[in-house]
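[1] What would the 3D arrangement of this be:
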Amino acid sequence: MSWDYILTILKPMLEGAQTTILMFLVAIILSVPLGFLVTLAMRSRFKPLGWIAHMYVYVMRGTPLLLQILFFCFGLPLLPVIGEYLVFDRVVAAGIAFVLNYAAYFAEIFRGGLLSIDKGQHEAAKVLGLTKWQTMVKVIIPQMIRVVLPATANEAITLVKDTALLYAVAVPELLYYAQAAVNRDLQLIPFFVAAIMYLLMTLVLTLLFKALEKRFSHE
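    As a prediction, this is how the structure comes out:
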C-alpha cells in the first residue's frame, strides 16, 4: 500500500466528505423541527390537518429515499404547468428530498415519545397553573427528548450513510470521488479510505449522542 497514493486520493475525497457533512447538517437541522411540527399536526384535533400529516408520513416512509431524490431532481421539472418553475440545482433538490424524508421518520419517533408520556403529567401541570405551551416546553418536551434520543441517534447515523445516495444523481460527495478513483486506478484502496471516513463520522455522532443521553439521564 502506497502512502503517496493515499495522500493523492485523500484531497478530493475530503472535498467530497465536505459535501457529505453539509448535506447531513442541512438535513438534520431542518428535518428535526419539521418532524416535530408534523407530529403536532398528526395529533391535531383538526381532522383534515391530521389526515394530511398522516398521509405525508405514510408516503415518505413507504417509498424509497432514492426514488424521492430522483423525483425531486428529475421529476419535478416534468410536472405539467408548474414544472418549469421547479427546476433546482441537484444538491438543492436532493437536500429537499432528504429533509422531507427524514422529517417523516422523526415525526414517528417524536409521536412515540409523546405517547410514552403519562397523561398525569398534563394534569399535574394544569394543577400547577401552567399553560398548554408552558406544559409542552417545560414538562413534556424534556421528557420526550430523553425517550427519543436513542432512536434519533440511530436515524442520524443512518442519515450519514444515506448521503451516499447522492452518488445516484452525480453529486460529488465522498462515495462519488471514491468510485471515480477506483474506476481510474483499478484499486480498492479508495473504498477502504471512504469506509474509514464514514466510520469516523458515525463515531463522532455516536459519542455526541452518548454524551447527550448521559446528560438527560441525570436531569
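[2] I'd like to know which elements the top helix by length along the chain is packed against.
    Ranked by residue count, the top helix of the chain under DSSP state H comes out as helix 3-42. The criterion is 3 or more C-beta pairs under 8 Å, 6 or more residues apart in numbering; DSSP states H and E, and the helices and strands that helix 3-42 contacts are helix 47-62, helix 90-115, helix 141-162, helix 174-185, helix 189-217. For glycine as for every other residue, the C-beta is placed from the backbone atoms N, C-alpha and C.
[3] how many neighbours does residue 57 have?
    Neighbours of residue 57 under the rule other C-beta atoms under 10 Å: 22.
[4] I figured it hits residue 37, correct?
    No - in terms of C-beta atoms under 8 Å, residue 57 does not count as a neighbour of residue 37; the distance is 12.0 Å.
[5] Which helix or strand in this structure has the lowest average pLDDT?
    Taking mean pLDDT, DSSP states H and E as the measure, the chain has helix 119-127 as its least confident helix or strand, at a mean of 72.
[6] how many degrees apart are that helix and helix 141-162 in direction?
    In this structure, helix 119-127 runs at an angle of 130 degrees to helix 141-162, with axes from the mean of the first three to the mean of the last three C-alpha atoms, to 10 degrees as the basis.
[7] Quick one: low-confidence residue ranges for this protein.
    Low-confidence regions of the chain, defined by pLDDT under 70, span residues 1, 122, 218-219.
[8] How many residues are close by residue 61?
    By the measure other C-beta under 10 Å, the count of residues near residue 61 is 13.
[9] Nearest residue to residue 135 in space, please, no chain neighbours.
    Ranked by C-beta to C-beta, 6 or more residues apart in numbering and with sequence neighbours excluded, the top spatial neighbour of residue 135 is residue 125, at 3.9 Å.
[10] residues touching that neighbour, list them.
    134-135, 138-139 (C-beta atoms under 8 Å, 6 or more residues apart in numbering).
[11] Now with 10 Å, please.
    Listed by C-beta atoms under 10 Å, 6 or more residues apart in numbering, the contact set of residue 125 reads 131-132, 134-136, 138-140.
[12] Of the residues you listed, select the buried ones using a ChimeraX command.
    Per 16 or more other C-beta atoms under 10 Å, the buried members of these correspond to this ChimeraX selection:
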select :135,136,139,140
